[in-house]
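[1] Quick one, structure for this:
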Amino acid sequence: MRGNNPEELTLLSWILSLPRSFKRVFSVCADTLFLLGSFIGAYFLTQNGSQVAIADIALAFSISLPVTLFIFTKLGLYRAVIRYIGQHALGAVLAGIVSSAFILTLLFAVFRVEDKGNLIFVYALLALLSSGGSRLLVRMFLDQRNNARKERVLIYGAGSAGRQLAMSLFNGEQFHPVLFVDDDSTLQRSTIIGIPVGNPAHIASLIKAYSVNRVLLAIPSVGRSRRREVLDQLESLPIPVQSIPAVNELVDGSMRIDELQDVRVEDLLGRDPVEPKLKLMHAHIRGKVVMVTGAGGSIGSELCRQIIQYEPKALILFELSEYGLYSIEQELATLKQKNDYEVELKAILGSVQQRDRVASVMRCFGVQTVYHAAAYKHVPLVEFNIVEGVRNNVFGTWHTAEAAIAAGVENFVLISTDKAVRPTNVMGASKRLAELVLQALSTRQQSTRFCMVRFGNVLGSSGSVVPLFREQIRKGGPVTVTHKDIIRYFMTIPEAAQLVIQAGAMGNGGDVFVLDMGEPVRISELARRMIHLMGLEVKDSNHPHGDIEIRYTGLRPGEKLYEELLIGDNVRNTDHPRIMSALEVCMSWPAVETLLAELEYHCANFAVQDIVQLMKVAPTGFNYKDACCDLVYSQPAQTIDDTAVVARIHPQSA
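    Below you'll find the model as predicted:
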């Protein structure tokens, strides 16, 4: 406790560290003195020095005292930890003292001690004050001592969640709640569980008045639009802001109310998800055999989590990464057991570039619906590995689609990207080529229905800026942003997966669906808000003594300042408010087949420049301005010393 004598602290710490048995003995002795003192005090207060029947009175008390202590023991008073003493312990004190008063009354009647009702009443009152009150005082002292070492916090929200959070924090060792604020005017200027409730409009002055060091959001049930308004209000405060888990995480028991989190970026976006339409969610899943390629990736794994809820007959997890496949299979097996889902899970290792492997899997399990999420989507990495990017994104999609046709798959949904629109990088161009392949296949046959779903960045995916920014802030910066004017669309992974499934149930064949991504976000502003909400100041020319610098590193290969979702203006609404259908340029199958043959030839010969040129010639809108930066292609060729090679292989002939 601040300002205390170190010797006092040492003595107190020593007392608190004593064994429980010693503390119980001490409590019994203390109660003995309290009861004795209360009886003596009551005698002198009520008897005016009278010596009448003093021997009988003393004998009666001597008999009642051990009985009272026995009752205290049986009621569990001496098992209670004083620093956490609650209603049960205080009830034990009250019950014990009432019993003591009743026993005294009986004993006085036996010993024919008359007119001592006032003595018994005052004794009971003093005993309750001394025995119960002393425990409360000790608890208050220990709480004050403990709270002085805790961080003082303000809880935004005085509802049920806020009260539960406060009670958890009282019993913890890290935070001390000193103030509530709540939008409900009927709660303001009141006190809840001993904590005053203030008006959010005065939060800045309240934080200063109560020396608050952190704000904790306890409003799990409000919509994201309202949460964004609250965060806008809190952003300028020079203290960190954290939040309790969401309602669904509290309900399913995956997180506790006192497991605080940094503010989620989806709250900064302020966009409330639309409730999925069950008819669309069930259309190509319920009772069907569903296959997800790239099942271990960020989008593929979320698709699997969503699909398993809508009663498929079987879910085929197709993944190249052994670790990714193992992780999602274990997670889904746990979900299946916990929720009694009647679905067969099949974890299959394989590459989407191997048509025979994919086709055999589809035939073996009778796959009816395919969600093709397998792709290389990290823009700079594909720029550095152009041939493999094209092989996986273009030929992987083609081979998987041909396998689906051969196996009699009913529905095939391609997960595409906004970077496929007027692409400036190989990744985007390869995804646009994949769209053209499926559009052409839709005209070649009618047995398998193909459609594509385009959307922008998802929060929390591999390569997402959000976890990168958070880690950079925790390490003290700098936060790296490629360009001060760069903007991006963002969506949560669960919402994206739900919309993909619903969009996939709408098309007639060859459809390109575009998801409503909301308002674009300026990445530099996103970084600035994350810094502020973690209680830090941006270091720049206006604030040279700030905490975290935002450093602009320049656009990466193939990166553009803004992304688009539509190539042209031909777009129509659908039955879902956040799904649109786009009419895009397409090619005939013979033209696509010729294009694929040429592309395959250039890939086999590692002709990177010819691959890029071919993607420019195709109707992709590919605007490739950067110099080719494929790491292998740009590596200078090395002359091989044949003599040295022969000498290493055949030393005797050299």
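
[2] all helices of the stretch 201-350 of the chain, in order?
    Along the stretch 201-350 of the chain, counting by DSSP state H, counting those that start in this stretch, helices occupy 203-209, 224-234, 247-251, 265-269, 278-283, 298-307, 322-339.

[3] What does the pLDDT read for the residue lying closest to Val367 once chain neighbours are set aside?
    Once flanking residues are discounted, Val367 sits nearest to Met291: 4.5 Å by C-beta to C-beta, 6 or more residues apart in numbering. The C-beta positions use only the backbone N, C-alpha and C, and glycine is treated the same way. Here the pLDDT value assigned to Met291 is 98.

[4] Was I right to think Met291 contacts Met362?
    Yes - counting by C-beta atoms under 8 Å, Met291 does reach Met362; the two are 6.7 Å apart.

[5] These two: which is more packed in?
    Neighbour comparison, Met291 and Met362: the larger count goes to Met291, with 29 against 24 (by other C-beta atoms under 10 Å).

[6] How about the secondary structure of the closest residue to Cys586 other than its chain neighbours?
    Once flanking residues are discounted, Cys586 sits nearest to Gln439: 4.0 Å by C-beta to C-beta, 6+ apart. Classification of Gln439 by DSSP: H, G, I helix; E, B strand; the rest coil places it in helix.

[7] Restrict stretch 514-529 to CA atoms and write it as CSV.
    Only the C-alpha atoms of stretch 514-529 are listed here, as CSV (Å, rounded to 0.1, in the frame of the first residue of the first chain):
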residue,chain,number,x,y,z
VAL,A,514,-19.8,-9.7,-56.0
LEU,A,515,-20.1,-9.2,-52.3
ASP,A,516,-21.0,-5.9,-50.8
MET,A,517,-17.9,-5.0,-48.8
GLY,A,518,-19.2,-1.8,-47.3
GLU,A,519,-17.1,1.3,-47.2
PRO,A,520,-13.4,1.2,-48.1
VAL,A,521,-10.9,1.7,-45.3
ARG,A,522,-7.7,3.8,-45.5
ILE,A,523,-5.0,1.6,-44.2
SER,A,524,-3.0,4.5,-42.6
GLU,A,525,-6.1,5.6,-40.7
LEU,A,526,-6.7,2.0,-39.6
ALA,A,527,-3.1,1.9,-38.2
ARG,A,528,-3.6,5.2,-36.5
ARG,A,529,-6.8,4.2,-34.8
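
[8] Just give me how far it sits from the chain centre.
    19 Å (C-alpha atoms, centre = their mean, to the nearest Å).

[9] mean confidence for that stretch?
    Mean predicted confidence for stretch 514-529 is 82.

[10] buried stuff in it?
    Val514, Leu515, Asp516, Met517, Val521, Ile523, Ser524, Leu526, Ala527, Arg528, Arg529 (16 or more other C-beta atoms under 10 Å).

[11] quick one: low-confidence ranges for the stretch 101-250 of the chain?
    142-147, 246-250 (pLDDT under 70).

[12] Tell me which stretches of it form strands.
    Remark: strands assigned in the stretch 101-250 of the chain by DSSP state E, counting those that start in this stretch are 151-156, 175-181, 191-192, 195-198, 214-217, 241-243.

[13] Would you mind giving the domain segments of this structure?
    6-146, 151-263, 278-456+494-514+564-617 (automatic domain parsing).

[14] Any idea which of these gets closest to Gly535?
    domain 151-263 (3.2 Å; C-beta to C-beta).

[15] what about the closest one, how long is it end to end?
    19 Å (C-alpha to C-alpha, to the nearest Å).

[16] quick one: the strands in the stretch 401-550 of the chain?
    Using DSSP E, counting those that start in this stretch, strands in the stretch 401-550 of the chain cover 411-415, 449-454, 457-459, 479-481, 487-488, 490-492, 511-515, 521-522, 538-539, 548-552.

[17] partners of the third one, with directions?
    Looking back up the chat, that one is strand 457-459. strand 490-492 (parallel) (DSSP bridges).
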